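Novice: sequence-free structure coming up:
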């Protein structure tokens, strides 16, 4: 089966149009066609995109300082392993004897790259965060860099009489946009703001469900999330037509170009840190800090001049487990059946 034949089959099953989040899920993670599962080459100067840790060691130094004397650390989505290598170098020989470093990685290609780069370092790999937490007894520092933006997002457009959800239809020589009526909206601060007709927003609803899947097994530690995006209402004021885009060979693609080359490019959108803060609180977590990457880095490392813009475009969220939520409430959160953002 070709990628096009697969999309047509999904389209038929979906009733004639593929919800965008399903398209993004398959474009990134389908085992045969997905970008991260089958087609990514490398992260860095020779890949389709580069991350801060692949270009400069300053971020790894700051994360190493945040880890401090923690016994176990879990990195989720470790890219090519350069961040992990930098952190392990920073903690030194004695620190490496004490620290148990765990990686959760969904991409087979990137996991192989990590294993090659980190050979002999004692790093342990896991299929998911829940498995890693079982090994650590639920006590660990957990962190990610540019992870949330890789979760499939739902896209909504404001119409004359309310919100509609973006779907895609595979036609003869192109992929066309379709706007579907919606009866309920996901829990997001994006919908609390008044929006003009034609405005678009992206909600990383799948990330919220992912958090709830392992939150019950996390007993102590700290969660550090680094990604590009912002907080409300500035996030939507800056990009009223949304931030959906794709990258291929270091080229940024927007608009209709995002949908081309199924499985051959990275698809992403800015992260709404106001949502991440609220979703964590709904799980019983406490927010320790929410700020720009520049402000978080400044006490520890100097921001390289070449990264000045990125330091303002990226945000940092630090959360800790607080009052545990019940297993029943976690199940409701995963299914999206209860609005618990204010609980």
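Specialist: Perfect, thanks for sending it. Because the structure is a prediction, the values reported are computed rather than measured. Numbers count the residues shown, from 1 in each chain.
Novice: going forward, measure contacts between C-alpha atoms and count neighbours the same way
Specialist: Fine.
Novice: Could you pull up the contacting residues of residue 271?
Specialist: The neighbours of residue 271, taking Cα atoms under 8 Å, 6 or more residues apart in numbering as the test, are 148, 149, 204, 227, 228, 229, 230.
Novice: Which parts of the stretch 51-200 of the chain are helices?
Specialist: Counting by DSSP state H, counting those that start in this stretch, the stretch 51-200 of the chain has helices at residues 52-55, 58-67, 82-98, 108-117, 129-136.
Novice: and the fourth one, which residues are buried?
Specialist: Neighbour-count burial for helix 108-117, counted by 16 or more other Cα atoms under 10 Å, picks out 109, 110, 111, 113, 114, 115.
Novice: report the angle between the axes of that helix and helix 82-98?
Specialist: Angle, helix 108-117 to helix 82-98, by axes from the mean of the first three to the mean of the last three Cα atoms, to 10 degrees: 50 degrees.
Novice: so what does helix 108-117 touch, helix or strand wise?
Specialist: helix 82-98 (3 or more Cα pairs under 8 Å, 6 or more residues apart in numbering; DSSP states H and E).
Novice: among the contacts of residue 271, which are in helices?
Specialist: Among the contacts of residue 271, no member falls in helices (DSSP state H).
Novice: Drop anything exposed from those.
Specialist: Buried subset of the contacts of residue 271 (neighbour count, 16+ other Cα under 10 Å): 148, 149, 204, 227, 228, 229, 230.
Novice: Name the nearest of those residues relative to residue 65.
Specialist: Of all the buried ones among the contacts of residue 271, residue 65 sits closest to residue 227, with 18.4 Å by Cα to Cα.
Novice: Surely the closest one is in contact with residue 149?
Specialist: Yes. Counting by Cα atoms under 8 Å, residue 227 does reach residue 149; the two are 7.2 Å apart.
Novice: which SS state does the residue nearest to residue 138 when sequence neighbours are not counted fall under?
Specialist: Distance criterion Cα to Cα, 6 or more residues apart in numbering; nearest residue to residue 138, sequence neighbours excluded, is residue 218 at 4.6 Å. Following DSSP: H, G, I helix; E, B strand; the rest coil, the label given to residue 218 is coil.
Novice: got a list of what residue 218 touches?
Specialist: Each residue near residue 218 by Cα under 8 Å, 6+ apart is listed here: 133, 138, 139, 140, 321.
Novice: so residue 11 touches residue 17, yeah?
Specialist: Yes. Under the criterion of Cα under 8 Å, residue 11 makes contact with residue 17 at 5.2 Å.
Novice: what's the overlap in contacts for the two?
Specialist: Common contact partners of residue 11 and residue 17 (Cα under 8 Å, 6+ apart): 169, 170.
Novice: Give me the more crowded residue out of those two.
Specialist: Counted by other Cα atoms under 10 Å, residue 11 and residue 17 do not tie: residue 17 has more neighbours, with 23 against 19.
Novice: which phi and psi does that one have?
Specialist: The phi and psi torsions at residue 17 (degrees, to the nearest 10) take the values phi -150, psi 140.
Novice: if I look at it, how far off is residue 199?
Specialist: 21 Å (Cα to Cα, to the nearest Å).
Novice: again, but for residue 250
Specialist: 27 Å.
Novice: When those two are compared, which one has more neighbours?
Specialist: The neighbour comparison of residue 250 against residue 199 (other Cα under 10 Å) goes to residue 199, with 18 against 14.
Novice: got a list of what that one touches?
Specialist: Residue 199 touches 157, 158, 240, 241, 242, counting by Cα under 8 Å, 6+ apart.
Novice: right, and the third one touches residue 200 too?
Specialist: So that's residue 240. Yes. Look at residue 240 against residue 200 with Cα under 8 Å: they come within range, at 6.2 Å.
Novice: Looking at the two, which one has more neighbours?
Specialist: Neighbour totals were compared for residue 240 and residue 200, and residue 200 leads with 24 against 15 (other Cα under 10 Å).
Novice: Identify each buried residue in stretch 158-178, please.
Specialist: Buried residues in stretch 158-178 (16+ other Cα under 10 Å): 158, 159, 163, 164, 165, 166, 167, 168, 169, 170, 177, 178.
Novice: swap in stretch 173-192?
Specialist: Buried, per 16+ other Cα under 10 Å, within stretch 173-192: 177, 178, 179, 187, 188, 189, 190.
Novice: Just confirm residue 235 is within a strand.
Specialist: No. Counting by three-state DSSP, residue 235 is not found in a strand; it is helix.
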